[in-house]
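Visitor: here is a sequence with its predicted model. Questions after.
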Amino acid sequence: MRIRHMGFVVSDLERSAEFYEQVLGFKRLGGARKPGHFPGMAMDLSDGEVNFSLLQPGDDIDRQSWSQGTLGPNHIGVTIEDTGRVASALKERGVEIYGAEQADPPRFFKFRDPDGVEVDVATPERGWKR
């Protein structure tokens, strides 16, 4: 068994896709599409193994802001070889890094994406073991 994809609700497909592409290195798998089961638009990205679907509800759908303690995804964790590149890309965008270990560059840190979802970044030796 393995995860095929995960879906995150976002406020702006293009902004989120560009962020995940440029900062973390996800690859876009085509353009925006209208999925049959979701009341809005979707866009798919991939890390090469698992797909990451961004879902933007239509304007007529009520939304709630993401916050700690809500049901559903709490955060996403990614393994990155070059954490220094990611930290620099976040700094250029004015995104705060927190929870970082005391190393330069840190092998583990966290930040929030454009919609406030927490992202854990770790080098392979600090990441999840299979």
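Guide: Nice, I can see it. Numbering: from 1, shown residues only.
Visitor: wait, what's in contact with the closest residue to Val95 other than its chain neighbours?
Guide: Once flanking residues are discounted, Val95 sits nearest to Phe111: 5.3 Å by Cβ to Cβ, 6 or more residues apart in numbering. The way it works is simple: take the backbone N, C-alpha and C, and place the C-beta from them, glycine included. Neighbouring residues of Phe111 by Cβ atoms under 8 Å, 6 or more residues apart in numbering: Leu90, Val95, Glu96, Ile97, Tyr98, Glu118, Val119, Val121.
Visitor: so of those residues, which ones are in helices?
Guide: Those of those mapping onto helices are Leu90, per DSSP state H.
Visitor: name the helix or strand for Pro106, please.
Guide: Using DSSP states H and E, Pro106 sits within no helix or strand.
Visitor: same deal with Ala100?
Guide: With DSSP H and E as criterion, Ala100 is part of no helix or strand.
Visitor: wait, it sits on Phe109?
Guide: Yes. Using Cβ atoms under 8 Å, Ala100 is in contact with Phe109, at 3.7 Å.
Visitor: looking at these two, which is more packed in?
Guide: The residue with more neighbours, out of Ala100 and Phe109, is Phe109; 20 against 17, by other Cβ atoms under 10 Å.
Visitor: do you know how far that one is from Ile76?
Guide: Phe109 is 14 Å from Ile76, where distance means Cβ to Cβ, to the nearest Å.
Visitor: joint contacts of those two?
Guide: Asp120.
Visitor: skipping adjacent residues, who's closest to the residue nearest the centre of the chain in space?
Guide: For the chain, the residue nearest the mean C-alpha position is Tyr20 (5.8 Å; Cα atoms, centre = their mean). Using Cβ to Cβ, 6+ apart and skipping residues adjacent in sequence, the residue nearest Tyr20 is Phe26, 4.4 Å away.
Visitor: stretch 92-106 spans what distance, first to last residue?
Guide: With Cα to Cα, to the nearest Å as the measure, stretch 92-106 spans 17 Å from end to end.
Visitor: buried ones in that stretch?
Guide: Within stretch 92-106, the residues that count as buried by 16 or more other Cβ atoms under 10 Å are Val95, Ile97, Ala100, Pro106.
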